[in-house]
Every structure is written in C-alpha cells, then in structure tokens.
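Novice: how does the following fold in three dimensions:
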Amino acid sequence: MRITASHVANITGGTLVGADVEATGLSFDSRAIKPGLAFVAIEADRDGNDFVDSAASKGASFAIVSRGRSSAALPCIEVDDTTAALALVGRALRDQLQTHSLRHVVGITGSAGKTTTKNFVRAVLQAGFSSVYAAEASLNNDIGVPITIADAPDDVEALVIEMGMRGFHEIDRLCRIAAPTIGLVTNVGDAHGDRVGGPDGIATAKGELIAALPADGVAVLNADDDRVRAMESRTSARIITFGRSESADVRYEITETDEDGRCTALFTFENQTASGTPMLPGEHMVINAASALAVGLACGMSLAAAAKGIGREELETGRMCWLEAVNGLRILDDSYNANEHSMLAALQVIADLPVKTRFAVLGAMAEIFDSEAAHRRVADFAQANKITVIGLETDLYGTPAMSVEEALKELAFHHPHVVLVKGSRSSKTERVVHELI
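Specialist: Reported below is the predicted structural model:
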C-alpha cells in the first residue's frame, strides 16, 4: 500500500532526512527491491544499513535506517531501532487498511503446514472476495508480518498472515502488529520444541494467537489435535473446528485417491456438503483444505462457494511437488523443511502409492524437543511401510550418513520407482533434487 516518508517518520518518531516521497510497499532485502518500494535496513547477521545505496540504485523510493546511517542516494528516515520501527509501521498500516476496505485479517500458525494452509486460505477467500492478499514467501516473523501488511493493496478486503514461533511471546507480539480477527491453528507437533520445553510449551506458544482474538472474532481449530482443541479455553471468540472427527464442525471424508496420491474429499458443515481435490498429494492436504473452508465460513461464505477455491491454491517449490528425473525416477520434492509431523505425512504419501520400490532421502530434523526419539519414530515408520531411508549427512535414522554424491549413487544403483526428498532447512536436501533433475 502507499505510504509517505513523512508518515513513516511520524509513526516511528524518526527523523526524515531528505525529500518527502511516497512508496508502494516495503522490502528488507536489497536484492529484491523494485522501483517504488521503500527499503528497511534491518540489523541482523548482516547490517542492512550497508546496503542502502544498493537499494537506491534499484529504485527504492526511501529507506528506514539506523541513526546516523542516512545516504545521500535517497531520502531516509533515521530511527533508533529499525526492526521496532517496522513493527510500528506495520500496525499503523493495518489500522489504516481497516478504515478502507479491509474486512478480515486471518492469522495462521501451527507446527506444520502453515505456508500451505496460507495458500489454501488465499484460494478459498479469492472465491468470495475481490481483493485478497497473502505474502508469496514464508514471511512469518517480526520482519515478515509487517512487510506483508505494507505490501497489501490499498483496496484489500481479506489479509492472510502466517505467524511463526521460535519461543514464547513471539506470536503475541505478531498479533499486536497484525490484530487478527480470525485465528487458525493447524496442529501442534515438535517444531521448535527445544525452545519451549516440548509439545505442551508449543501449544502454549501457538495458543497466543487464539488468546489475542477479539470477542467478535473466530478461532479455527483442529478437532483431531487435542492440544489445539484445548485452546478453546483461551478465547471468548466463536469457535469453528475442522477435521475427520465426528465432533468437527467442518468434516471431511476421502472419497478417492489418484495415482499421485491426490485425494478427493467430501466436506460437510451443518446441512451443507461440497467436494474438492487439493492440488498437492496426501491426506494432510485435505486437512489443510478443511481448515481453509472453515475460514471461508468464518468470513460469511457458503461451503459450496468456499470449496470453489480448493484445487486453485498456489504451489511452492520444495513443498510436496512431484518432479521427474531425467532417468524417469519420480521425485516427491518436500525439501523445504521438516519436523516429525510433516515427515510422517510425506512418508505416508509414498507408502500409499501403488509402486514396488520406495526410497526416502532424509536430512536431519532440527530444533525438535527429543531429537533422537523423533528420528527413531520416523525410521520405524519408514521400515514398517517398506521405505528405504538414505540419511543425508546424518545417522539419526539408524543408517550410515551419506553425502549427496553417495546418495545419488545409491539411488542410481537401486533405481526405485519413487523417492521422497525431505529435511529441515539446515539439511539443504534440495541439493539432491537439483542433482536428480
């Protein structure tokens, strides 16, 4: 949305150095700057103030910088803390959108499936609203959430925001910026459990989204996850549940599964029914679709209208995408990230395929509460389903650690029908995918 340098200065208590110009959005990445965007110089592992001139050369309209770091190349707003300033700008712009056409702000969190669910929710709401915005990437932290708000169009009616968690109080902080009116929790698993003492701590931290909802808001909760369902006690907002459980408000039943593992499901809500087929394989995608339908209902859509969005969700590289290697090997690329919950779901997809040989190249799962036990459970599941595991640079799955080159040789020797490639970001399992295709 459009914002002026003087407005940013007023919001943040900063000092405008240079002309008062207008920007059409914000970016913290100087490499991704497009003409008309404002650059936010975040001080992290690399100091964004060092890249202000680069942003200017790419057409940045102005920059938010640390005190004393203005550049003559473009107007700058000097602030005490650029990350704190960005949060203030994000909240001010969210309030500004509210005075125009903004009707719904959907916050999404959970241990697995946040980004994919965000894509489902966007697709569902696009079937009922003329202007829906969600970030293209996983912008789900103190920097990404205000950037998402700032980049929304001025006429946006529904804003979909992903919220990540790496500790207590982080989601509460993000909610103070985004002020969600609808909160969706996908599940509680073990991602980042090492930071909060395990699953119960994760539930407490994820539940901050539900606790932040206004009384006239809506909490969308997974009826099949006891820890998520228990979050009902943390809000006075309306509750809509989803899942396979008989007690779920939005229920699903899988009616057909194709040769790629894509599931067609019948969804029900009260006396309404609708059918839909997510573009990505696996029952966990049907669960994500059900949660998105619940959001559509929360926004006043009928189930049939909301279901028109299922199958139109955007796909993202490294997230349950089928690829084909030059030798005909079918690759299920889920290399973007991993935790135990998402790992088991992906393995289930290839376990259910009508093929004879299945392999999985798995990287380590990082930032989980009981790493050894979680990796062992994944390995046991794979063995029980006759999936051969290749541990990429890790022996946590009970197999010898292999390099990328060794993993490729192993696949070439056995030539399986399908291979799943998956691991946490730190494992960089996408290297295997790149070599295979």
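Novice: tell me the pLDDT of the residue nearest the centre of the chain.
Specialist: Nearest to the centroid of the C-alpha atoms of the chain, with distances taken as CA atoms, centre = their mean, sits Thr115, at 2.4 Å. If you check Thr115, the pLDDT there is 92.
Novice: for Glu232, grab phi and psi.
Specialist: Backbone torsions for Glu232, taken as degrees, to the nearest 10, come to phi -50, psi -30.
Novice: again with the one 3 residues further on
Specialist: Dihedral angles of Thr235 (phi, psi; degrees, to the nearest 10) stand at phi -150, psi 160.
Novice: pull the contacting residues for it.
Specialist: Gly183, Ile210, Ala211, Leu213, Gly217, Ala219 (CB atoms under 8 Å, 6 or more residues apart in numbering). (Each C-beta comes from the backbone N, C-alpha and C, glycine too.)
Novice: quick check: the farthest pair among these?
Specialist: Ala211 and Gly217 (11.0 Å; CB to CB).
Novice: in JSON lines: the contacts of Thr235, plus distance to Arg376.
Specialist: Compiled in JSON lines, those are given as follows (distance: CB to CB, whole Å):
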{"residue": "Gly183", "distance to Arg376": "34"}
{"residue": "Ile210", "distance to Arg376": "32"}
{"residue": "Ala211", "distance to Arg376": "34"}
{"residue": "Leu213", "distance to Arg376": "38"}
{"residue": "Gly217", "distance to Arg376": "40"}
{"residue": "Ala219", "distance to Arg376": "35"}
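Novice: surely Glu372 touches Leu396?
Specialist: Yes. Because the distance of 7.0 Å satisfies CB atoms under 8 Å, Glu372 is recorded as touching Leu396.
Novice: neighbour count: those two, which is higher?
Specialist: Looking at Glu372 and Leu396 with other CB atoms under 10 Å, you find the greater number of neighbours at Leu396, namely 18 against 9.
Novice: Asp260 in helix, strand or coil?
Specialist: Asp260 falls in the coil class when you classify it by DSSP: H, G, I helix; E, B strand; the rest coil.
Novice: specify the local secondary structure of the closest residue to it other than its chain neighbours.
Specialist: Excluding the flanking residues, the one nearest Asp260 by CB to CB, 6 or more residues apart in numbering is Pro281, at 5.5 Å. Reducing the assignment to helix, strand or coil with three-state DSSP, the entry for Pro281 is coil.
Novice: endpoint to endpoint, stretch 3-22 covers what distance?
Specialist: As for stretch 3-22, its first-to-last residue distance stands at 6 Å under the measure CA to CA, to the nearest Å.
Novice: distance check, Val124 against Arg262.
Specialist: From Val124 over to Arg262 the distance is 18 Å, taken as CB to CB, to the nearest Å.
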